[in-house]
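> Quick one, structure for this:
(one chain, ligands or ions: 1)
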Amino acid sequence: MKNQKKKIRLGVNIDHVATLRQVRGGTTIYPSILEAAEISAKAGAQQITIHLREDRRHIQDKDVELLCKKRPCLINLEMAATDEMLKIALKRKPDWVCFVPEKRQELTTEGGLDVVKLEKKLKKMVESLHKKNIKVSMFIAGDIKQVEASARIGADAVELHTGHWVLWKADKKRKEWQSLKAAALKTHELGMNVHAGHGLDFIDCERIKKLPFLEELNIGHSIICHSVFMGLNKAVKAFKKQIKH
Ligand code: PXP
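Numbers count the residues shown, from 1 in each chain. Predicted coordinates:
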């Protein structure tokens, strides 16, 4: 339990900057994704997280290309486990790929990936990403079976889905915390890194940073929302401070 208080890496998810740009049907070049990444990195973010969705509703292929070329800090590409996405990742070589489930109608990523069900397919994908020195994480619910399957397919990390824990209250929230905690301990025991994210606001960071062996948090919507009033630089700095032990 000694290294439970490792410094936590902050990944800033800038999909929401792209959403703002795309809201005019992609006719504007502002706000710039690269500028958002550079400001975040300068303010202390160690990673930029982007989700190239199959429907391209926010991040576009050219954003992935540009960010992977300029690399202001680590680049974490969230994507569905499809051949199309794998091809893009192998070409652009982000530092990390995070496999996420994807449904066209959802507002955002709503649940964890079913690694157990997709085990065979994901194992092959992880192998080809590793050949290009790309690390891989699995975005999963706090479920031991999913953690074990992630280890079997050779994942470097799991990103635990915090979205339900954030939204739920009372007993349900306590139970969800216990599941996340047990999954974090299992992840560490099986030799993978513990990442977490989704739906986290400023106050949630106080508690989530107590998750055992947590190494990385990916936060998007709340940082970008706070930045509307305080600017991105200050918002990233505030969250960096908040996730410090
Ligand atoms: N991690 C993953 C895997 C996600 O899919 C998302 C949302 O794109 C986030 C983190 C960030 O979530 P939020 O924008 O709610 O902070």
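> going forward, measure contacts between C-alpha atoms and count neighbours the same way
Fine.
> How far does stretch 179-192 sit from its chain's centre?
17 Å (CA atoms, centre = their mean, to the nearest Å).
> helices or strands next to the longest helix along the chain in the packing?
Scanning the chain for the longest helix, with DSSP state H as the assignment, gives helix 170-189. Packing partners of helix 170-189 (3 or more CA pairs under 8 Å, 6 or more residues apart in numbering; DSSP states H and E): helix 144-152, strand 157-161, helix 163-167, strand 193-197.
> For the ligand, find the nearest of these.
When the helices and strands packed on helix 170-189 are compared by CA to the nearest ligand atom, strand 193-197 sits nearest the ligand, at 4.3 Å.
> and the helix or strand that comes right after that closest one, what does it pack onto?
Later in the chain than strand 193-197, the nearest helix or strand by DSSP states H and E is helix 202-208. Packed against helix 202-208 by the contact rule (3+ CA pairs under 8 Å, 6+ apart) you find helix 232-242.
> what about the helix it packs on, distance to the chain center?
Taking mean C-alpha positions (CA atoms, centre = their mean), helix 232-242 and its chain are 17 Å apart.
> Quick one: name the residues of this structure near the ligand.
Contact residues, the chain versus the ligand (CA under 6 Å from any ligand atom): Asn13, Thr109, Phe139, Gly197, His198, Gly199, Leu200, Asn218, Ile219, Gly220, His221, Ser222.
> If we only consider those residues, which is nearest to Pro212?
Gly197 (14.2 Å; CA to CA).
> Surely that closest one and Leu214 touch.
No: using CA atoms under 8 Å, Gly197 makes no contact with Leu214, being 10.7 Å away.
> ok, these two, which is more surrounded?
Leu214 (26 against 20; other CA atoms under 10 Å).
> That one: what's its closest spatial neighbour, skipping adjacent residues?
Val194 (5.0 Å; CA to CA, 6 or more residues apart in numbering).
> Just the residues contacting stretch 20-33, thanks.
With contact meaning CA atoms under 8 Å, 6 or more residues apart in numbering, stretch 20-33 is reached by Ile14, Val17, Ala18, Arg57, His58, Asp63.
> that older thread, from what I can see the residue nearest to Leu214 touches Lys210, true?
No: if you go by CA under 8 Å, Val194 and Lys210 don't touch, sitting 12.0 Å apart.
> More neighbours: the two, which one.
Val194 (24 against 14).
> for the more buried one, what are its contacts?
Ala157, Val158, Glu159, Leu160, Ala184, Thr187, His188, Phe213, Leu214, Glu215, Glu216.
> quick revisit: just the pLDDT at the residue nearest to Leu214, thanks.
What the model reports as pLDDT for Val194 is 98.
> The one 3 residues further on too?
Looking at Gly197, its pLDDT reads 98.
> secondary structure class for the residue nearest to it when sequence neighbours are not counted?
Of all residues not flanking Gly197 in the chain, Asn218 sits nearest, at 4.8 Å (CA to CA, 6+ apart). Assigned by DSSP: H, G, I helix; E, B strand; the rest coil, the conformation of Asn218 is strand.
> you'd agree Asn218 is up against Gly199?
No: between Asn218 and Gly199 there is no contact under CA under 8 Å: 9.4 Å.
> returning to that earlier point: run the chain-centre distance for the longest helix of the chain.
18 Å.
> again, but for stretch 148-155
With CA atoms, centre = their mean, you get 18 Å for stretch 148-155.
> With stretch 143-157 instead?
16 Å.
> ok, the spatially most central residue of the chain - contacts?
Central residue of the chain (CA atoms, centre = their mean): Asn218, 4.6 Å from the mean position. The contact partners of Asn218, by CA under 8 Å, 6+ apart, come to Leu10, Gly11, Val12, Asn13, Thr49, His195, Ala196, Gly197, His198.
> gap between it and Gln46?
Distance of Asn218 to Gln46, computed by CA to CA, to the nearest Å: 10 Å.
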